[in-house]
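Q: Give me a model of this one.
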Amino acid sequence: MSSAGEDTSGDLALDRLVFFSDAVFAIAVTLLVLDIKIPELAGETIAGEWRKLAALWPSVFAFVLSFLVIGRFWIGHHERFRPLRAYDRRLMWPNMLYLMAIAWMPFASALLGRNLGRFVPALVYNLSLVVLSLLGFWLARRIQQVLRAPGALPDALDLVLASLLCVALTFALPAMSQWGMITIPLWARLRKRLAAPAAPQTS
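A: Coordinates of the predicted model:
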């Protein structure tokens, strides 16, 4: 017998939820490249053409950074939904708000790319990461409840910690603060070390 939160329509409802989520992720990463404006090269020397292309590097950096960030969040979303076998309506709003944060990222990325190194754009971008990671953590907790599988949520927690570090770095190094996201493996390693049982002491 299904629980009150489940929909007996089965896989179709779950498939629609996942397909819609994947579509939002796909559109978000596609929109990122639209902020890289094609330069007008007519009348330029070869050196001038290279200079105009080189001037695009902040937007290219923001594109690569945000593509990898959104890709990282998509991997987490994919892994959390993979064990689900039935739709549960309790997932709808956590997932919808999570996707809203994903859809916001192209704007935050464009703002960062056009103003690279400035405090407010960096803070807006990093706060967007915090909101996104917190919503991802909430979604992961809700999926855990649906699966009735209590326990730690290490992957989602690592993203929260890394995004909070990005915000902290903004106040010292706004131009480099987004690199806090590369610390995710370090958080995972620290978490595993703290969770490991202490070695028995020998007399």
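
Q: From here on, just use CA atoms for contacts and neighbour counts.
A: Will do.

Q: if we look at the helix or strand of the chain with the lowest mean pLDDT, which residues are touching it?
A: When each helix and strand of the chain is scored by mean pLDDT, DSSP states H and E, helix 184-195 comes last, with a mean of 77. Contact partners of helix 184-195, identified using Cα atoms under 8 Å, 6 or more residues apart in numbering, comprise 154-155, 158-159, 161-162.

Q: Which of the residues you listed fall in helices?
A: Those of the contacts of helix 184-195 mapping onto helices are 154-155, 158-159, 161-162, per DSSP state H.

Q: Relative to Val69, which of those is nearest.
A: Leu159 (10.1 Å; Cα to Cα).

Q: burial of the closest one, as a residue count?
A: 28 (other Cα atoms under 10 Å).

Q: so which helix or strand takes in the residue sitting nearest the centre point of the chain?
A: Nearest to the geometric centre of the chain sits Phe73, at 3.6 Å (Cα atoms, centre = their mean). Following DSSP states H and E, one finds Phe73 within helix 57-81.

Q: same for that helix, what does it pack against?
A: helix 11-32, helix 92-114, helix 119-147 (3 or more Cα pairs under 8 Å, 6 or more residues apart in numbering; DSSP states H and E).

Q: Compare those helices and report which one is nearest to Leu84.
A: Per Cα to Cα, nearest to Leu84 of the helices and strands packed on helix 57-81: helix 119-147, 7.2 Å.

Q: What average pLDDT does that closest one get?
A: Mean pLDDT, helix 119-147: 94.

Q: I am finished for the moment; much appreciated.
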